[in-house]
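[1] could you look at this predicted model? Sequence included:
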Amino acid sequence: MPVRKIVKINEDLCNGCGQCIPKCHEGALQLIDGKAKIVKEMYCDGLGACIGECPQGAITIVEREADEFDETAVKEHLAKIDVKKADAKSQAPQWPVQIKLMPIKAPFYDNADLLIVADCALVVCKDLREKLMPGRRLMMGCPKFDGVQEYAEKLGKILKENNVASITIAHMRVPCCSGLKWMVDKAIEASGKKIPVKQYIIEIGGEICE
């Protein structure tokens, strides 16, 4: 077994934020039991593109005996990952979908694009299901009746415990609905992660506006 450069992860420092994973273009890193880990040594090229993405400083490059980097194996591995992502995006919406009922930890959050919708928007906008729901995991609720603080605390825990890829918000152009954006901002802040967010406003007549 050759001696070469390879990534080392200090599990005592790693908090499972997952920010390193998108930067590993070989797919060598995954979150396992709440920690970033190398799936197989042969997938890690040892260049360390993931290092600068770790806010905890848990990733370093070391020289040790390790399986040789295998570019062919990496291509096959990435192809399997792409298939899994495509399958996940084609799945029907999960149950439950109400924010108050959603579990904190669940497999369907992994690499998921979340769609957080105000209850009334689904009724008013007939195009929302076709234009915004495909490929996304649905979460819905009413910030006026349920309370945005409660939502923010729960979503913050969900984002912290799972590797969510992105968040899309869709709500009516009314004051009470705008609490969904506040809720998402607070939840992301509490999670300590950087998650891309896109917002859509639904007009009273049902039109979707970015």
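    Looks like it arrived, so ask away.

[2] surely residue 100 is in contact with residue 146?
    Yes - taking contacts as C-beta atoms under 8 Å, residue 100 lies within contact range of residue 146: 6.0 Å. Any C-beta I mention is one placed from the backbone N, CA and C, and that applies to glycine too.

[3] the more surrounded of the two?
    Neighbour comparison, residue 100 and residue 146: the larger count goes to residue 146, with 16 against 12 (by other C-beta atoms under 10 Å).

[4] now the helices for the chain?
    71-90, 119-124, 128-131, 143-146, 148-161, 179-191 (DSSP state H).

[5] for residue 172, which of the ones you listed is the nearest?
    Across those, residue 172 has its closest neighbour in helix 119-124 (5.4 Å, C-beta to C-beta).

[6] can you list contacts of the closest one?
    Surrounding helix 119-124, the residues in contact under the criterion C-beta atoms under 8 Å, 6 or more residues apart in numbering are 128, 129, 140, 141, 142, 170, 171, 172, 177, 202, 204, 206.

[7] how does it look with 7 Å?
    When contacts are taken as C-beta atoms under 7 Å, 6 or more residues apart in numbering, the neighbours of helix 119-124 outside the stretch itself are 128, 140, 141, 142, 170, 171, 172, 202, 206.

[8] what do you get for stretch 182-195?
    Outside of stretch 182-195, the residues within contact range by C-beta under 7 Å, 6+ apart are 17, 19, 116, 143, 148, 151-152, 155-156, 159-160, 164, 166-167, 169, 197.

[9] pick out whichever of the residues you listed sits closest to residue 82.
    Nearest to residue 82 among these: residue 166, at 17.0 Å, using C-beta to C-beta.

[10] report the buried members of the contacts of helix 119-124.
    By neighbour count, with 16 or more other C-beta atoms under 10 Å, the contacts of helix 119-124 hold 128, 140, 141, 142, 170, 171, 172, 202 as buried.
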